[in-house]
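Colleague: fold the following.
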Amino acid sequence: MQRVVCEGAPRDLGLDQGRGCREAVRAEARALGWPLDGGWLGALRAARGAPRPSRALARDLARHFPHLDERLSGLAAGAGLPREALLVLLEEQLDDAPVHGVGLARDAHGAPRVVVLHATPPPTGLLLRTARPDGGYPNLALTRPGLVAALAGVNERGLAGAVELLDAPAPQRAGAGGCAAASALLLDQCLERLDTVEKALEWCERRPGGGHARIVFADAGGAVGALELQDDARRRCAPRTVTADEAARAVLHLDPAARALEWRAPDGAVEREALEAGG
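Modeller: Reported below is the predicted structural model:
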C-alpha cells in the first residue's frame, strides 16, 4: 500500500499524486505499451505506436467530470507522461478495477460500515490517498497510483462509499448518445462534495455516466443506501448484507462515524487511517 497526500486545486491534487507515485504510474503506462526511454520527447515520439484513448472518453470526461479531467492533466504532468497515456490508463484500469464484493456490515454498536470483501492488488500496488481539495471535503480514498478516481473512501463529514464494477464500462458502447465516461467516477465527486447518503444517491441519479456499476454508501448519521447504474438507467437497491464472518475477513472497512479507513494486509495486519470530523 502506497500513501500520498494531495492538496489544492484539482490540477494540484493530480500533480501531488503524480509526483508521489511517479515510478508506479510510469510502470503502469509502460505495461500498456507506452515506451518511456528517451525522456519526454522520446515518449512523445513513441506514443505514435502506443494505444490511443477513446475520443468519446476525452470529450465526456471534460464535459461531465471537469475536476477529474483537470486532475488527470496534473497527474500526467507530475508523472512526466503525455496526457493521452493517462486517459488510456483511466480507460483500462476502470475495466479492471481491483475491488470486489462491496457490501454493508454493522459494528458492535449497530453502526454501519461499508466493506470490501476482496481486492486484487495490481503489480504496482494500491494507493491510500489523503486529499484536501480546495472548496471540498478532505477525504481518504483507496485507488491505484495512475487512477485519479476513488474506488472506495470516506470524507471528513462522515460519508463513506465504495464502487464495484459489474462489467467493463466499455466506452465504445456510448456511441448511441450515452456517456463514455464511467459512472464509477461519480463516487469521487460524492466524497469531495457531499455529506449524507441521500444527497449522494440523488446526485448520482441525476448525473451521467456509462457502464454498469453499483455504489454502496453509509454515513455518520447511520443512513445506508446503494445505487445500481447501468448506462443511463439508475436504480436504488438494498446494499448487500455482509455476515460477521465475512466482515472479519474483509480487506477494507470504511467507518463513517470515525471517518476512518481500515485495510487488512495480506499478512493479516490491520492498518488504520482517520480524518478529523468536519464541522
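Colleague: residues contacting the residue nearest to Ala200 when sequence neighbours are not counted?
Modeller: Distance criterion CB to CB, 6 or more residues apart in numbering; nearest residue to Ala200, sequence neighbours excluded, is Cys190 at 4.4 Å. The way it works is simple: take the backbone N, C-alpha and C, and place the C-beta from them, glycine included. By CB atoms under 8 Å, 6 or more residues apart in numbering, Cys190 lies in contact with Leu159, Gly161, Ala200, Trp203, Cys204, Ile215, Phe217.
Colleague: so which helix or strand of the chain has the lowest pLDDT on average?
Modeller: Least confident helix or strand, the chain: helix 39-46 with a mean of 52, by mean pLDDT, DSSP states H and E.
Colleague: re earlier: where's the residue nearest to Ala200, which helix or strand?
Modeller: Remark: Cys190 resides in helix 186-193, with elements defined by DSSP states H and E.
Colleague: tell me the gap between that helix and the middle of its chain.
Modeller: With CA atoms, centre = their mean, to the nearest Å as the basis, helix 186-193 stands 9 Å off its chain's centre.
Colleague: what are the C-alpha coordinates of it, in CSV please?
Modeller: The C-alpha trace of helix 186-193 is given here as CSV (Å, rounded to 0.1, in the frame of the first residue of the first chain):
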residue,chain,number,x,y,z
LEU,A,186,-19.3,9.6,-9.5
LEU,A,187,-18.1,8.2,-6.2
ASP,A,188,-15.1,10.6,-6.2
GLN,A,189,-17.4,13.6,-6.7
CYS,A,190,-19.6,12.4,-3.8
LEU,A,191,-16.7,12.2,-1.4
GLU,A,192,-15.5,15.6,-2.4
ARG,A,193,-18.8,17.4,-2.3
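Colleague: now do the buried residues in the next helix or strand after it.
Modeller: Counting by DSSP H and E, the next helix or strand C-terminal to helix 186-193 is helix 197-206. Residues of helix 197-206 classed as buried by neighbour count (16 or more other CB atoms under 10 Å): Val197, Ala200, Leu201, Cys204.
Colleague: now do helix 197-206, average pLDDT.
Modeller: Taken as a whole, helix 197-206 has an average pLDDT of 97.
Colleague: ok, stretch 252-259 next?
Modeller: pLDDT averaged over stretch 252-259 gives 96.
Colleague: could you do stretch 122-133 as well?
Modeller: Computed over stretch 122-133, the mean pLDDT rounds to 92.
Colleague: and the strands in this protein?
Modeller: 2-8, 99-106, 112-119, 127-133, 139-143, 152-155, 159-167, 212-219, 224-230, 233-237, 252-255, 260-264, 270-274 (DSSP state E).
Colleague: buried deepest among those strands, which one?
Modeller: strand 152-155 (a mean of 30; mean count of other CB atoms under 10 Å).
Colleague: quick one: contacts of it?
Modeller: Contact partners of strand 152-155, identified using CB under 8 Å, 6+ apart, comprise 99, 102, 114, 116, 137-142, 160-163, 187-188, 191-192, 195, 252, 254-256, 259-261, 275, 278.
Colleague: ok, now with 6 Å
Modeller: Outside strand 152-155, the residues that touch it by CB atoms under 6 Å, 6 or more residues apart in numbering are Val116, Tyr137, Asn139, Leu140, Ala141, Leu142, Ala160, Ala162, Leu191, Leu254, Arg259, Leu261.
Colleague: out of the residues you listed, which is nearest to Arg3?
Modeller: Each of the contacts of strand 152-155 was checked against Arg3 using CB to CB; the closest is Leu140, at 10.2 Å.
Colleague: quick check: nearest residue in space to that closest one, chain neighbours excluded?
Modeller: Distances taken as CB to CB, 6+ apart put Leu261 closest to Leu140, at 4.7 Å, once the chain neighbours are dropped.
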